[in-house]
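J.: below are the sequence and a predicted model for it; my questions follow.
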Amino acid sequence: MFEMVLNMPRPTGPTNPVLRKLARQLREKGKEQKVALWLDLAERLLQPRRARAEVNLSHLSRYSSEGTTVVVPGKVLGAGKLNHPISIAAFKFSGTARRKIVGAGGKALTLQQLLEQNPSGRGITLME
């Protein structure tokens with residue numbers, strides 16, 4: 001019995017059930033609405049954690065303009081400052097990043113909230 005446990009293959013890909021469910025919803029919505037953004041986002045989220053994007057606020061501030069909606073397929077970090085209000089959707093936010101986004105007048109959204117608010121995926125910028 002002990003040998004069977006040692007010979008079992010290790011799971012590949014993310015094992016987080018919340019992340020897997022989100023990726024499944026993104027795929028379904030992407031196929032239903034024919035939106036390539038949601039399909040691409042689902043694939044990026046299913047990559048290993050070390051390959052997922054980690055984006056600082058300074059990067060988001062530099063490459064976006066006021067009022068835009070940005071999606072990050074990973075985590076938003078709080079390094080730098082946000083100079084204008086933008087809506088940012090990501091799988092995770094650091095506590096500092098969330099405070100700075102709200103302090104600048106922007107919105108920190110989950111990917112689930114963005115999917116419900118904008119199922120067509122129009123006007124969204126993918127940032128890595």
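T.: Looks like it came in fine.

J.: so what's the closest residue to residue 75 other than its chain neighbours up against?
T.: Setting aside the residues directly before and after it, residue 75 is nearest to residue 92 in space (C-beta to C-beta, 6 or more residues apart in numbering), at 4.2 Å. C-betas here are computed from N, CA, C, even on glycine. By C-beta atoms under 8 Å, 6 or more residues apart in numbering, residue 92 lies in contact with 74, 75, 76.

J.: now residue 92, what's its secondary structure?
T.: State at residue 92, reduced to three classes by DSSP: H, G, I helix; E, B strand; the rest coil: strand.

J.: so residue 95 sits against residue 77, correct?
T.: No - Residue 95 sits out of contact with residue 77 when judged by C-beta atoms under 8 Å, with a separation of 10.4 Å.

J.: those two: who's more crowded?
T.: When neighbours are counted by other C-beta atoms under 10 Å, residue 95 and residue 77 differ, and residue 77 comes out ahead with 20 against 8.

J.: helices and strands around the top helix by length along the chain, which ones?
T.: Scanning the chain for the helix with the most residues, using DSSP state H, yields helix 17-33. Contact analysis of helix 17-33 by 3 or more C-beta pairs under 8 Å, 6 or more residues apart in numbering; DSSP states H and E lists helix 36-45, helix 111-117 as its packing neighbours.

J.: hmm, try it at 10 Å
T.: Helices and strands touching helix 17-33, as assessed by 3 or more C-beta pairs under 10 Å, 6 or more residues apart in numbering; DSSP states H and E, comprise helix 36-45, strand 87-93, helix 111-117.

J.: wait, what's in contact with the closest residue to residue 110 other than its chain neighbours?
T.: On the basis of C-beta to C-beta, 6+ apart, the spatially nearest residue to residue 110 that is not a chain neighbour turns out to be residue 89, at 6.7 Å. With contact taken as C-beta atoms under 10 Å, 6 or more residues apart in numbering, residue 89 is in contact with 41, 69-73, 76, 107-115, 117-118, 124.

J.: same thing but at 6 Å, please
T.: Residues in contact with residue 89 (C-beta atoms under 6 Å, 6 or more residues apart in numbering) are 71, 109, 111, 114.
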